[in-house]
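Colleague: Next come a sequence and a model predicted from it.
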Amino acid sequence: MSEQAVPILMYHSVATEPNDATRDLSVAPEAFAEQMARLGDLRFTPVTTADLARSWREGGPLPERPVLITFDDGYEGVHRHALPVLAEHGFASTLFVSTGWIRGAHDTGGGLDTMLDWNQVRDLAGAGAEIGGHSHTHPQLDQLDEDTLRFELRRCTEIVADELGGRPVSFAYPYGYSSRRVRRTVREAGYRQSLAVGNGLARRRQGPYALQRVTVRRSTGVEEFERLVQGHAIARNFARDRALTKGYAVVRRARQLRRKAIRSRV
């Protein structure tokens, strides 16, 4: 029996008029509604990140056609536009919040567009969305020193726990970047599973701290969306993304080695 592959959809902003910083990774509200309707037509059943990882870890059952609907960062349109559509279909989802970008007492001012506030995050949680961690200030985690990395994870966890009354158990790497050290530190911080990007279907063999997702963009039409969620032509659709990711991985690794060399001379 072949290993089950699960599409994990990665959304960011859902907005009618996104700003330049979020435009490419935003989705129009009408497009999001059409995509959710198509999931229903194709008989997919959305589950949370925690549900998928728990099933793969413990051997519990999954629906016949599972899919994950995930949102990164915490844009206000997730509450305004996505929540009513998810509620209409009865779909589960996971929202990964960068706690320093959420409007309120912990806001560092780094949000790229209009962000959720904590009351809206609580509304989403109350409607059945899993709230996961996405760091505090959304840095490239693999470029941080050990103390800063641990602070980003600890502060995010503390704020979510204080605001929602429970520790988050799922994490998504900002920009999708991680390393063996980052994955180990995320695990040590108490997270049970983490999502990368990768632009491929998630499989159990990827391990609970490197599950791949598929990017949904403003340019993703409904026919392309249907192909992606069914695992068709993913490699072709994201060939350029993968080439850029591999190239930038070399750059990031060189930066890490340079910083280590500098520290060793101090």
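Modeller: That came through, no problem.
Colleague: Please count neighbours and contacts with C-alpha atoms only from this point.
Modeller: Fine.
Colleague: which stretches of the protein form helices?
Modeller: Applying DSSP state H to the chain gives helices spanning 29-41, 49-58, 77, 83-89, 118-126, 146-164, 180-188, 222-229, 234-237, 239-265.
Colleague: Name the stretch among these that sits most buried.
Modeller: Ranked by mean neighbour count, the helices of the chain are led by helix 77 with a mean of 23 (mean count of other Cα atoms under 10 Å).
Colleague: could you point out where the protein is predicted with low confidence?
Modeller: Within the chain, the ranges that satisfy pLDDT under 70 run 1-2, 233, 235-266.
Colleague: longest strand of the chain?
Modeller: Secondary structure of the chain per DSSP state E: the longest strand is strand 66-73.
Colleague: So in that sheet, which strands flank that one, and in what orientation?
Modeller: Taking DSSP bridges as the criterion, strand 66-73 forms sheet pairs with strand 8-11 (parallel), strand 45-46 (parallel), strand 94-97 (parallel).
Colleague: And for that strand, what's in contact with it?
Modeller: Residues external to strand 66-73 that are found in contact with it (Cα atoms under 8 Å, 6 or more residues apart in numbering): 6-13, 44-49, 78, 92-98, 101, 134, 138, 172.
Colleague: from the middle of its chain, how far away would the helix or strand following it be?
Modeller: Next helix or strand after strand 66-73 toward the C-terminus (DSSP states H and E): helix 77. In terms of Cα atoms, centre = their mean, to the nearest Å, the centre of helix 77 is found 16 Å from the chain centre.
Colleague: and helix 77, what other elements does it pack with?
Modeller: With contacts taken as 3 or more Cα pairs under 8 Å, 6 or more residues apart in numbering; DSSP states H and E, helix 77 sits against no other helix or strand.
Colleague: isn't residue 116 right next to residue 95, touching?
Modeller: No - between residue 116 and residue 95 there is no contact under Cα atoms under 8 Å: 11.0 Å.
Colleague: Pick out whichever of those two has more residues nearby.
Modeller: residue 95 (30 against 22; other Cα atoms under 10 Å).
Colleague: Name the residues linked to the more buried one by a beta bridge.
Modeller: Beta-bridge partners of residue 95, counted by DSSP bridges, are residue 71, residue 131.
Colleague: Please report the distance of it from residue 198.
Modeller: Note on residue 95: its distance to residue 198, by Cα to Cα, to the nearest Å, is 19 Å.
Colleague: Residue 76 now?
Modeller: 26 Å.
Colleague: quick one: contacts for residue 63?
Modeller: Counting by Cα under 8 Å, 6+ apart, residue 63 has contacts residue 45.
Colleague: Count the neighbours of the nearest residue to residue 52 once chain neighbours are set aside for me.
Modeller: Spatial nearest neighbour of residue 52, chain neighbours left out: residue 62 (7.4 Å); criterion: Cα to Cα, 6 or more residues apart in numbering. Number of residues near residue 62 (other Cα under 10 Å) recorded here: 15.
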